[in-house]
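For reference, the sequence and a predicted model appear below.
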Amino acid sequence: MEPRRESESRTSGCFGLCAYNHRVIASLRQRRRGLAAGAAILAIVAIGAAAVFAGPGAGANGTASASPSASPSAIAGGTSFGSSFGSSFGSPFGSPTSLGATFSNPATASPGGSIFQPIDVFATPGPPLLQPGESPGDAIFRSDAGRPIPAQSTEWLTLKASGRIVLSNGKIGLLDAGVDSMTNPSTGMRVADARTLDLAWTRWIVEPPASGKDAKGNSYYDLTYWNLCGPGATTVALYYWQQLIGYPNVTGTAGYFLDPYVATGVAWPSRGPSFVTPNGKTQPLGTYWSGSVNVSGFTAHGRGYLMHLAMAVEPAGWTSPGIAIFVDGQGKALYPTKGTPPRNIQAALNWEASGNATDWAETWYTTVNRWDPTLARDLTAAVMLDVGRDGVPVVAAVDTFDLPNWQASPPSKTSHTRHAIAIVGYDNTANPPTFTYLDTCGRSCNSRGGNQNGQIHVISQTQMVRALTDGNGMGFVW
C-alpha cells in the first residue's frame with residue numbers, strides 16, 4: 001500500500017503537531033521496512049483531544065465513565081502485518097487477557113492525575129552498579145564493545161516518557177498530544193486500576209536446571225543455566241508480543257544451543273560445561289530445547305526461545321551473540337555467566353519486537369535506572385501503561401533480598417543477588433497496592449520454601465521499589 005498523501009490523511013484537531021506526527025510516522029514506517037513477509041508496523045495517531053483507538057480487547061470487567069471521545073482516525077498509510085495476520089492473530093494460546101480488571105475513578109487513575117507526568121528516562125546516572133567484592137573486570141556488565149546499544153534520540157525518549165507511544169490492534173502507534181496517556185486505546189476509558197495478564201502459558205517459562213537431560217535425552221552439566229533470569233524474563237515479555245503482533249516465535253523456537261565462548265572469540269573454559277549424548281559420546285552442539293518440553297517433572301514452556309536469547313540472538317551491530325555475559329572486560333571466559341545487564345535486555349526486547357528491523361533501537365523499550373528520583377511513581381505509571389493499557393510486561397532488574405520468593409530462614413540470611421523478573425500485573429486497589437510478577441528461576445536454582453515452579457508472585461509496590469533500589473537493584477525496562 002502506498003503512503004497516503006497528507007491531504008488525504010489529516011483532519012482537524014492535531015493541536016499544531018500534524019507535521020511533527022507525520023515525521024514520526026514516516027520514521028516508524030521506515031524502521032519496519034524489510035521485515036519478513038513484508039510485515040510493517042503502522043503508526044497511528046488519534047485525532048482530537050480524546051480520540052478512541054481500535055485495539056486488542058482489554059478483557060476488563062465492570063463499568064467506567066468513558067472519556068469524551070471523537071471518532072477514531074488513522075492518519076498514516078503503509079501495510080499491516082501481511083495477509084496471514086490481518087487485524088487479529090490466530091494462536092493456539094490465545095491473546096493475553098486481563099483477569100477481573102476494574103476501572104478507576106478518572107480523577108485518580110493516573111499517578112500524576114488527569115495530566116500525565118512524564119516518566120523520568122533522563123535521570124542523571126549515579127555511581128557504578130557493582131556487587132560487593134566485584135573487580136574492575138566486572139565492568140563488562142555495564143559496557144560491552146561486542147554488544148553496542150544504539151542511542152535512543154531525545155525526540156523519541158520524550159514521546160516514550162510522556163506515554164504517547166502505544167501498542168494498539170497489533171500496531172505501534174502515537175497518541176496525539178491532546179490525549180491523556182492513561183486512556184485505554186481499546187475502549188477510550190481510563191486505564192484499569194487493576195490488571196493481570198493471562199499467565200496460563202507464561203507462568204511455566206522456567207529456566208532449565210544446571211544438570212540433567214535436554215529434550216533429546218542428552219546429559220549435560222552447565223552452571224550457567226542457573227543464571228539465565230535475564231533471558232527468562234525477556235522471554236516472558238516477548239510471549240505477549242507474539243500474541244499481539246505475531247512474532248517473535250517464542251512458542252515454537254527449537255534447536256541446539258551452545259555457550260558462545262568460541263563464537264565470541266575466547267577459549268572454552270577449563271572445567272566448563274559438558275554435554276554427552278545418550279550413547280556416551282561428547283555432544284559438540286550443546287543442548288536441545290523446543291517450545292514445550294517435559295524433562296523436569298513438569299511441562300516447561302519457551303525453553304528453546306529462552307536459550308536463543310541467552311546464547312544466540314545477535315541484534316544488528318553486535319559482534320557477540322547472546323544477551324548473557326560470557327566474557328569479562330579483559331577478554332577472559334566467564335563460567336558461569338555473570339548474567340544479563342538491563343541494557344542487553346532492552347536491546348533484545350527491541351530487536352525481537354521490531355521483527356529484526358534495520359532501525360530497531362526505538363521500537364518500544366527504554367530503561368529507567370534506580371537513581372530516578374521519582375522511581376516509585378514512575379514504576380507504577382510504567383506498569384499501568386505497559387500492562388494495563390498495552391498488554392505487555394515490564395522487566396525489572398532487582399535485588400533478590402527484597403523478593404518474597406527468595407526469603408531465607410532466618411530472613412537475615414537472604415542473599416543480595418542481581419536478578420531479573422517480569423512484572424505482569426498490578427492492583428492499585430489492594431491494601432497495600434501490589435504488583436504481580438513471574439520469576440523464571442524455578443526450584444532448581446532457588447529451592448526456598450516461597451518458590452515453586454510455575455508460581456505466580458505478588459509483592460507490595462513499596463517492596464518492589466525497595467528491590468529496585470537495594471544494593472544490587474538496577475532499574476526497569478518498559
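Sure thing, it's come through.

Name the residues that touch stretch 279-292?
Contacting residues not belonging to stretch 279-292 are listed as 208, 214-216, 218, 220, 222, 250-259, 273-277, 299-307, 311 [C-beta atoms under 8 Å, 6 or more residues apart in numbering]. C-beta: built from backbone N, CA, C; applies to glycine.

Counting residues, what is the longest strand that this protein contains?
The single longest strand within the chain, with elements called by DSSP state E, is strand 418-427.

Counting by contacts, list what that strand packs against.
Based on contacts counted as 3 or more C-beta pairs under 8 Å, 6 or more residues apart in numbering; DSSP states H and E, the elements that strand 418-427 packs against are strand 192-196, helix 229-245, helix 375-383, strand 394-399, strand 434-438.

taking the mean pLDDT, what do you get for the third one?
It refers to helix 375-383. Taken as a whole, helix 375-383 has an average pLDDT of 98.

Can you report how many residues neighbour residue 271?
7 (other C-beta atoms under 10 Å).

which residues touch residue 331?
Residue 331 touches residue 266, counting by C-beta under 8 Å, 6+ apart.

That one belongs to a helix?
No. Judged by DSSP: H, G, I helix; E, B strand; the rest coil, residue 331 forms no part of a helix; its state is coil.

Tell me the spacing between it and residue 312.
21 Å (C-beta to C-beta, to the nearest Å).

what does residue 202 give?
21 Å.

Do a quick rundown of the helices in this structure.
6-9, 18-32, 154-161, 229-245, 261-264, 303-311, 342-353, 375-383, 461-469 (DSSP state H).

show me where pLDDT drops low in the stretch 351-478 of the chain?
In the prediction, the stretch 351-478 of the chain carries no residues with pLDDT under 70.

can you check the chain too?
1-114, 124-143.

before we move on, back to that, the helices of the chain into CSV, with extra columns for distance to residue 447?
Output for the helices of the chain, formatted as CSV (distance: least, C-beta to C-beta, whole Å):
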stretch, distance to residue 447
helix 6-9, 58
helix 18-32, 44
helix 154-161, 39
helix 229-245, 15
helix 261-264, 29
helix 303-311, 20
helix 342-353, 25
helix 375-383, 29
helix 461-469, 20
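
of all the ones you listed, which lies closest to residue 187?
helix 229-245 (16.2 Å; C-beta to C-beta).

And that closest one, what does it pack against?
Checking 3+ C-beta pairs under 8 Å, 6+ apart, helix 229-245 ends up next to helix 303-311, helix 342-353, strand 394-399, strand 418-427.

okay, that helix in CSV with CA atoms only?
Written as CSV, here are the backbone C-alpha positions of helix 229-245 (Å, rounded to 0.1, in the frame of the first residue of the first chain):
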residue,chain,number,x,y,z
CYS,A,229,17.0,-15.0,34.6
GLY,A,230,17.5,-12.1,32.1
PRO,A,231,16.7,-14.3,29.1
GLY,A,232,13.9,-15.8,31.1
ALA,A,233,12.2,-12.5,32.0
THR,A,234,12.7,-11.3,28.4
THR,A,235,11.1,-14.5,27.1
VAL,A,236,8.0,-13.8,29.3
ALA,A,237,7.7,-10.3,27.9
LEU,A,238,8.1,-11.3,24.3
TYR,A,239,5.5,-14.0,24.5
TYR,A,240,2.9,-11.3,24.8
TRP,A,241,4.3,-9.5,21.7
GLN,A,242,3.9,-12.8,19.8
GLN,A,243,0.3,-12.9,20.8
LEU,A,244,-0.4,-9.3,19.9
ILE,A,245,1.7,-8.8,16.7
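
Of the helices and strands packed on strand 418-427, which is nearest residue 344?
Across those (criterion: C-beta to C-beta), the nearest stretch is helix 229-245, sitting at 7.0 Å.

is it true that residue 365 touches residue 350?
Yes. Residue 365 is in contact with residue 350 according to C-beta atoms under 8 Å; the separation is 5.3 Å.

From residue 371, how far out is the residue nearest to residue 441 when sequence neighbours are not counted?
The shortest distance from residue 441 to any non-neighbouring residue, by C-beta to C-beta, 6 or more residues apart in numbering, is to residue 229 (5.3 Å). Residue 229 sits 22 Å away from residue 371, going by C-beta to C-beta.

out of the two, which sits in the busier spot?
Legend: neighbour count by other C-beta under 10 Å for residue 229 and residue 371, higher for residue 229 (26 against 16).

Quick one: residues contacting the more buried one.
Residue 229 touches 207, 339, 340, 419, 420, 421, 439, 440, 441, counting by C-beta under 8 Å, 6+ apart.

would you list those residues in CSV and tack on distance to residue 165 and neighbour count?
Output for the contacts of residue 229, formatted as CSV (distance: C-beta to C-beta, whole Å; neighbours: other C-beta atoms under 10 Å):
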residue, distance to residue 165, neighbour count
207, 31, 26
339, 28, 22
340, 24, 27
419, 28, 27
420, 23, 27
421, 23, 29
439, 28, 29
440, 27, 28
441, 31, 24
